Each structure stands twice: as C-alpha cells, then as structure tokens.
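Participant: Quick check, what structure comes out for this input:
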Amino acid sequence: MKHTFITRISNLKSPSSWAKLLLVLVLAILAIPQLWYPLWFDQGAFAACADILRHGGVMFRDCFDVRGPAVDLVYLIALYISPSPVTIHALDLLCQALTAGLIGLLARRLWNVQAGIAAGVLYWLMYASINYWATAQAESFANLFFVLAVYAAWQALETERSGDDPGAQDRQAIAWLALSGACVGVLFWFKYPFALIGLLPMLLILLHSKRTGSQMKIRPSIPDAASKAAAGTPSKSSRLVSLAAGALAVLLLGFAYFALSGALHNLQSQIAYDMITFNDVTFASRLDWLRTSFWEEITAFVRLGNTPTAGFKDTVSQVSILGRGYPFIFALMVWSLLTSLLAWLGIRRKRSFVEPANPVTVRSTVAPQAGVSFLWAYFALTLMINLWQGHFYRYHFLIMLPCMALLAAANFRFSLSDMKAKSHLTQPLQPIRIIRDISRRMGYILHGALYGAAVLGLAACMVPWAHDALGNVVLQHKSPNSLYLESKLAPYSTLAGALARQTTSQDRIAIFSDVPAVYALAQRLSGTRFIYVRPLQEAGSAELRTTLAQVYLHDLERSRPRFFILTQPGFPWDGADFIALWKSLPAIHAFVEANYHYVGENGPFLLFVLNGS
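Facilitator: The predicted structure is shown next:
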C-alpha cells in the first residue's frame, strides 16, 4: 500500500500528470461562472417547492408543480446546506462532474481510455456553455440516472457465470440490472416520460440473449466446466424480472411517501392535470409544430447549439466561433454512424469482435460497433422523449447531451497505436494495404481535428463569462446578490430584498404571476400551493380551471398571506398579462379586493398588503 502511494505521488512529477491537472483546472474555470447564475423560472420553482418541503410541507399537497418530485428533493439537499442559489448551482456542477465521469467510464467500458476522456470532456464543455435558464434543471440532475441506467445495463450483460463460483457473477448481473431498473424508477419521479429510457435496457437484454445463443452454437470447443457455467447464465426472463423489480421498488417507495403523507389524491390530481393538458393539444397541432418550430429549432441547434451562452446580461459579449463546436459534434456523430455501418457490412470485419483473453471465460464481448449502435438507440430514444413532451430547445435537449458526447468520441476506439501495430504485421506489403493504412491514419488525424474544433468552439464561448465572473468575484469581491442586480433578472432581487425587510420569516406571500424565484430569494413561503399560476392559465378544460381556482382561493383564505403581488402586463415575458387572468377569476379577484389594499409598485410588481397588518 505504501509503495503504491509513493509511486502515485512520484508519478505527479511526470509531464502527462501535470497536463491532466492543467486540463481539470481549465475545465473547472470554464464552468465556474455557473455558480453565480441567477435563478430563472424553473430553478425558482424548484427552490420554492424545496423550501416548502424543508418547512414540513408535502409535494403536490402544499406545492404544486407540473413535473415530478425528484428534482425538488435534490434542491432540498442544497437548501439544507444553504438557501443561497450558489449552493444550488454548486450541487448542479457536482452532479455534472459525476455524470461526466460516468460517461467516461461507459466509453472506456465500450471502447478504451482515450474515448472515455474525450467523451467526458466533451459533455462537461457542452454543459458549461449552456444558457442560464438551462442549468440546474430536472434534465440536468436526471442525466446522472440516465447514464447510470445505461451503464448498469451494459455492465450486467457483460457479466457471465464462469470460473469456480458462477453464482457470484450471476448475482452481480442481477444486481446491475436491478440498479438499472432503479434508475428508471428514479427517472419516472423526475419527469414521467423519462421512464421510457427503460426501453433501452429491455432492448439490450433481448438482443443480447439472441446473440449469446448464436455465440454458444459456434463455440463448441469451450471446456465442459465453462460450458456448464455459460449454460447457467441468467435467462432472458430473469434479467427482465430483475430490471422490472428495481424500477418497481423505487416506484412503490414514491407512492408510499405520498400515501403515508396523506397526499395520494394530490398525486393523482397532478398526474390527471398533466394528462389533461397533454391531451388538450390536438394531433394536428403537434404535427404542425413538428414541421415548423421543431425543425427550425433542431437546425439551429446543429448550427450553433444552445444559444445564447449564459445570456443573463448584455454587458458580456457572445462568442460564436466554429458554431460553438456543435457542427463538428454532429459531424463526429455521423462519422461514428458511418464507420459502424461499414463494420456491420463487413468492411471492417476484423475489428468486429474481440475474443476473450482467457478462452475458458465465457463472456459476451459485444463489438465496439454494437456499442455505437446502442448509443444511437439511446440518442433516438431521448429525441423521442422530447417529441413526446412537445419541447426541445429551451432546456429539454439536455438529456441528449450524454449520448451526443459518447457518439462524438466513439471513433477514438480506433487508436493510432493500434494502427501502427497492424501496419507492422509480418504480412507482405501490398499497395492496397499501404493505401488502407494511410487512409486510416488520415482519418484518425481528421477525426482528431474535428474533435479539437468542437472543444475549441465550446471553450471559446465561455471565456468572456469566466473572465467576467472571476473579475467580479475575485478582484472586486462582489456578493452574489450584487451580481444578480446586474442581470436581466434584477427586478426579482429588488422585490425579494424589499419583502425580506417588510415581512418576518413567519409571514407568507402570494405572487399571482410566474416569478417563483422571488420566493427563494426572499426566503419566504408561498401563501398558496401554486408557486406560479401558469396551471390556472393553461388548464386543459374550463372544469379543471374552475377546480384549480377554487383550490387557490381556499389556500388564500386559509393562509391569508401578508402580501398579494401582481406583475404588470408584458412581464415576466412579452405578452404576459396576469392582471387580466386575475380579473377573469371572479372569486379570487373579489377576495383580494375585499381583504387587501394597494400600497405601491416595485419595478414591474404591484403590491397589495393585507388589511390590518
């Protein structure tokens, strides 16, 4: 142990170790500005709900959101550490670092170390360069479980019973599949459509079982002991049961939470709301969106990625060299698809399967090309989930970033050392072989150049934001709140500061608009379960809207918040008019008129205070 430790310390003196440390430092500096990003609508909603949970509330009973409760539990962890938005973003970056590391492990498992490093770095840079409203989303934290579900399924199906203790590896395979299923269950509680990722390990199980059977038929020379062990490999049905058991355990755990909290009917109401609002959009409307807006969004995404980078203030320049790297990422993805197709067609037949080093070990060694095909299925499934939700560009694309990074790094599986080794084989030199070797090396160089352009484009767009953040925080010692006041979301912080001064921690406030971040910044609880009122506006039917309005009024009557706040027309976005929505709900309008009086404006906010308070 001591010798190993000393060896590792001495290795730090090598140039390669210093290069790795420098790479990690640069990657951290490029992402660190996210710590001081302001809270947008979604982050504010999650933080406001988490604060209600921190004070003993129950999800959907005391805080309504159209998404699942898992992301609010993640925010709850951050709020227990500190209620500052900086803590939320720090937890987000920690989660992305874990996701990037897991992506690297998956790529290493599929191919090699070089591919693992390339995929992990690319994912980190793609996430570092997104805009502020896309950070700390449900998709951000869910990515860790997306990748873990895929990794666990792949790991399980590469584990076979062999050797002196076939039962041990049998149990390992079952455990990995159960973990994959558990991740699918967790993803359901992030957003219900995310559970569709469970189709991927199911497909892998079915295809693996078929391929394993064919492999067993063409390997009769395996020793008897190994053959018996292989014959005892877990069946297809037992694998599927393990996967389902993991998912079901997490689902039941979630349902038990709501049942024990007396909020099972609130969960049912929330799911019913999601179904009604989803079905309210006609198929023709969805098809029209697919032909127009979606196509415009996806082409813009290929050309420039997710723009603008950060984007919460106009004093920092936007750098868009090399299309922010995204055209090169998609070129690398297409390249991986083409090389995989060529391999399946037999042009790269010698690379298709890697035999086990130990012939006694019966192990399903899936081809590197099969890994590429598997990841394209992963990409297609995430795209299908976004189509199902009817969204893509704002932040929903985040679930596609892991498979994009993996596919873009896939051709690193063809290492230059491999090519050199093959070119020195004892076969006679032939012109066609020389041309083939040269083309492979040229392809490797071109692939490296495309990857370098992608990395450069992604890193360059973050340089101005890293310079601005470090200058403000390190040199000028500005507080996070001072930075928020310099952003486009400054009115949120201005109002939050006023409310914090004019209320106590026991007072509640009700904001009849879509600015839930104010609750989090002021550290005041919502007077109703609706931390934003979009559900009343987007209710799929008049009956549902009436029901939600009655619930909102009941909450107002019960909690009687100290302040009732409206936003002026055109805020928080162009075309918004929550005053008109408020007046269209007679019971809520009458209650406020009878129990509150107008006290003034705070930027775009109109403040009403409770009579007698």
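Participant: What's the mean pLDDT across stretch 149-161?
Facilitator: Stretch 149-161 comes out with an average pLDDT of 81.
Participant: same question, stretch 67-81
Facilitator: What stretch 67-81 shows for mean pLDDT is 96.
Participant: Same check on stretch 412-424?
Facilitator: Stretch 412-424 comes out at a mean pLDDT of 58.
Participant: Tell me which helix or strand comes right after the least confident helix or strand in the chain by mean pLDDT.
Facilitator: The helix or strand with the lowest mean pLDDT-type score in the chain, counting by mean pLDDT, DSSP states H and E, is helix 224-231 (a mean of 46). Next helix or strand after helix 224-231 toward the C-terminus (DSSP states H and E): helix 236-260.
Participant: what is the mean pLDDT for that following helix?
Facilitator: 93.
Participant: Give me the distance from that helix to the chain's centre.
Facilitator: Centre-to-centre, helix 236-260 and its host chain are 22 Å apart (Cα atoms, centre = their mean, to the nearest Å).
Participant: Next: stretch 493-507.
Facilitator: Distance, stretch centre to chain centre, for stretch 493-507: 33 Å (Cα atoms, centre = their mean).
Participant: what does stretch 252-268 give?
Facilitator: Here stretch 252-268 is found 25 Å from its chain centre; the criterion is Cα atoms, centre = their mean.
Participant: Where does pLDDT dip in the protein?
Facilitator: Scanning the chain with the threshold set as pLDDT under 70 gives 1-15, 160-167, 208-234, 279-282, 343-369, 391-393, 414-440.
Participant: Mind doing that once more with 80?
Facilitator: 1-18, 157-170, 207-236, 277-300, 303-307, 340-370, 389-394, 413-444, 540-541, 613 (pLDDT under 80).
Participant: Name the residues of the helix or strand harbouring H589 that come out as buried.
Facilitator: Element membership of H589, judged by DSSP H and E, is helix 586-595. By neighbour count on 16 or more other Cβ atoms under 10 Å, the buried set for helix 586-595 is I588, H589, F591, V592. (Glycine included, C-beta is placed from N, CA and C.)
Participant: Would you point out the most distant pair within those?
Facilitator: H589 and F591 (7.4 Å; Cβ to Cβ).
Participant: tell me, what's touching those two both at once?
Facilitator: Here H589 and F591 have no joint contacts, going by Cβ atoms under 8 Å, 6 or more residues apart in numbering.
Participant: where does F564 sit relative to V609, distance-wise?
Facilitator: To V609, F564 is 8 Å away according to Cβ to Cβ, to the nearest Å.
Participant: got it, and A510?
Facilitator: Distance, A510 to V609, using Cβ to Cβ: 12 Å.
Participant: pretty sure A460 contacts L322?
Facilitator: Yes - the pair A460 and L322 passes the contact test of Cβ atoms under 8 Å, sitting 7.4 Å apart.
Participant: Can you show me the strands along the stretch 501-613 of the chain?
Facilitator: With strands called from DSSP state E, counting those that start in this stretch, the stretch 501-613 of the chain shows them at 508-512, 525-526, 563-567, 596-602, 605-610.
Participant: ugh, typo on my part, it should be the stretch 1-150 of the chain
Facilitator: Applying DSSP E, counting those that start in this stretch to the stretch 1-150 of the chain gives no strands.
Participant: For the helix or strand containing W154, which residues meet the burial criterion?
Facilitator: Using DSSP H and E, the element containing W154 is helix 138-157. Using 16+ other Cβ under 10 Å as the test for burial, helix 138-157 gives 138-157.
Participant: what separates the nearest residue to M462 once chain neighbours are set aside from M126, distance-wise?
Facilitator: Of all residues not flanking M462 in the chain, L30 sits nearest, at 4.5 Å (Cβ to Cβ, 6 or more residues apart in numbering). Per Cβ to Cβ, L30 is found 11 Å from M126.
Participant: before we move on, what about L93?
Facilitator: 14 Å.
Participant: Kindly report the same for A576.
Facilitator: A576 sits 31 Å away from M126, taking Cβ to Cβ as the criterion.
Participant: who's more crowded, the two?
Facilitator: For A576 versus M126, neighbours defined as other Cβ atoms under 10 Å are more numerous around M126 (27 against 19).
Participant: count of neighbours near A244?
Facilitator: A244 has 17 neighbouring residues, counting by other Cβ under 10 Å.
Participant: same question, A28
Facilitator: The number of residues packed near A28 is 14, by other Cβ under 10 Å.
Participant: Excluding residues flanking it in the chain, which one is nearest P83?
Facilitator: P83 sits nearest to Q523 (Cβ to Cβ, 6+ apart), 5.6 Å away.
Participant: Could I get the contacting residues of the one you found?
Facilitator: Taking Cβ under 8 Å, 6+ apart, we find Q523 in contact with D51, P83, A500, S505.
Participant: Please tell me which one of those residues counts the most neighbours.
Facilitator: Within the contacts of Q523, most neighbours by other Cβ under 10 Å means D51, with 23 neighbours.
Participant: what residues are up against it?
Facilitator: When contacts are counted by Cβ under 8 Å, 6+ apart, D51 touches L79, P83, Y519, A520, Q523, L525.
Participant: Relative to F530, how far out is the closest residue in space to the last one that isn't next to it in sequence?
Facilitator: Taking Cβ to Cβ, 6+ apart, and ignoring the residues beside it in sequence, L525 has R508 as its nearest neighbour in space, at 5.1 Å. Per Cβ to Cβ, R508 is found 13 Å from F530.
Participant: So between the two, which is more surrounded?
Facilitator: F530 (22 against 18).
Participant: Any figure for the gap between the closest residue to G305 other than its chain neighbours and A408?
Facilitator: Leaving aside its chain neighbours, G305 sits nearest to Y326 (3.8 Å; criterion: Cβ to Cβ, 6+ apart). For Y326, the distance to A408 equals 10 Å [Cβ to Cβ].
Participant: before we move on, what about A118?
Facilitator: Between A118 and A408 the computed distance is 8 Å (Cβ to Cβ).
Participant: ditto for V518
Facilitator: Distance from V518 to A408, by Cβ to Cβ: 40 Å.
Participant: which of those two has more neighbours?
Facilitator: A408 (29 against 26).
Participant: Please look at the more buried one and H447 and confirm they touch.
Facilitator: No - with contact defined as Cβ under 8 Å, A408 does not reach H447; the gap is 9.7 Å.
Participant: overlap in contacts of those two?
Facilitator: Common neighbours of A408 and H447, using Cβ under 8 Å, 6+ apart, are L332.
Participant: what ranges do the helices span in the stretch 251-400 of the chain?
Facilitator: In the stretch 251-400 of the chain, helices defined by DSSP state H, counting those that start in this stretch lie at 264-279, 283-291, 293-304, 326-344, 368-389, listed in chain order.
Participant: Any chance of those helices in CSV with distance to V184 and mean neighbour count as columns?
Facilitator: Below are the helices of the stretch 251-400 of the chain laid out as CSV (distance: least, Cβ to Cβ, whole Å; neighbours: other Cβ atoms under 10 Å):
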stretch, distance to V184, mean neighbour count
helix 264-279, 18, 16
helix 283-291, 25, 11
helix 293-304, 26, 15
helix 326-344, 25, 19
helix 368-389, 12, 19
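Participant: Mind putting these into CSV with distance to S180?
Facilitator: Formatted as CSV, those follow (distance: least, Cβ to Cβ, whole Å):
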stretch, distance to S180
helix 264-279, 24
helix 283-291, 31
helix 293-304, 29
helix 326-344, 23
helix 368-389, 13
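Participant: of these, which approaches G540 most closely?
Facilitator: Ranking these by proximity to G540 (Cβ to Cβ) places helix 264-279 first, at 3.9 Å.
Participant: tell me the angle that closest one makes with helix 283-291.
Facilitator: The directions of helix 264-279 and helix 283-291 differ by 70 degrees, with axes from the mean of the first three to the mean of the last three Cα atoms, to 10 degrees as the criterion.
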